[in-house]
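Asker: Next input, structure requested:
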Amino acid sequence: MFATRVLRQAAAHAERAPLIKFIGKRTVPASIDHSPQPHPASPSHSLPADFTSGASSSFSSYRQHAQQFGPLRKTIKNAGERGVGGTSGHELGSVQAAKGEVFDRNDLPARFRRSPISLAEIEAVETGGATYFA
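Answerer: Below is the predicted model of the structure:
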C-alpha cells in the first residue's frame with residue numbers, strides 16, 4: 001500500500017553515484033568575450049548595421065526597431081505620432097467591409113459556409129468511432 005514511500009526511503013539511503021564522468025579539472029575561463037556576435041544560424045552571419053554603430057550599440061535600442069509579428073516597441077504610435085487613442089474613430093474611416101471582404105464566415109455565400117454536423121457524426125466523435133458503421 002505504501003510502495004512509493006518505501007521506494008523513496010530506499011532511494012534516500014542508497015549510495016548514489018553520478019552517471020556522468022567529467023574529464024579534467026573544473027575551471028572557470030579566465031576571460032569571457034561579451035562583445036555582440038551574430039547567431040551561428042543567422043542567414044547573413046552579421047549583425048544589423050545600426051546595431052554595430054556606436055550610437056545604438058545596446059540590445060534595447062536594437063529591439064525598438066526590430067519586428068516580430070509586428071513592432072516590438074513599448075509604445076505604439078501612428079504616422080501622426082499621437083499614440084494609441086490619439087486618433088478619433090471618424091478619422092480612422094469606415095468599419096464596413098470593402099468589396100470582396102467579409103468579417104465573419106456566416107457572411108460568406110452558402111457554398112463557403114461550414115456544413116452542418118449530423119447526429120451520426122456527433123455520436124461517432126463522442127464515442128471515438130467505436131459505434132459508427134457507415
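
Asker: Give the buried residues for whichever helix in the chain runs longest.
Answerer: Across the chain, the longest stretch assigned as helix under DSSP state H is helix 3-13. Buried positions in helix 3-13, judged by neighbour count with 16 or more other C-beta atoms under 10 Å: none. From N, CA and C alone the C-beta is placed, and that goes for glycine too.

Asker: Do me a favour and average the pLDDT over it.
Answerer: If you average the pLDDT over helix 3-13, you get 78.

Asker: Distance from the chain centre to it, please.
Answerer: Computed by C-alpha atoms, centre = their mean, to the nearest Å, the chain-centroid distance of helix 3-13 equals 40 Å.

Asker: ok, and what's touching that helix?
Answerer: By C-beta atoms under 8 Å, 6 or more residues apart in numbering, no surrounding residue is in contact with helix 3-13.

Asker: mind listing what Phe112 touches?
Answerer: Arg105.

Asker: measure it to Val102 for me?
Answerer: 9 Å (C-beta to C-beta, to the nearest Å).

Asker: before we move on, what about Ala110?
Answerer: 13 Å.

Asker: Just want to know which of those two has more residues nearby.
Answerer: Taking other C-beta atoms under 10 Å, Ala110 and Val102 do not tie; Val102 has more neighbours (12 against 6).

Asker: Please name the nearest non-neighbouring residue to the more buried one.
Answerer: Once flanking residues are discounted, Val102 sits nearest to Leu108: 5.7 Å by C-beta to C-beta, 6 or more residues apart in numbering.
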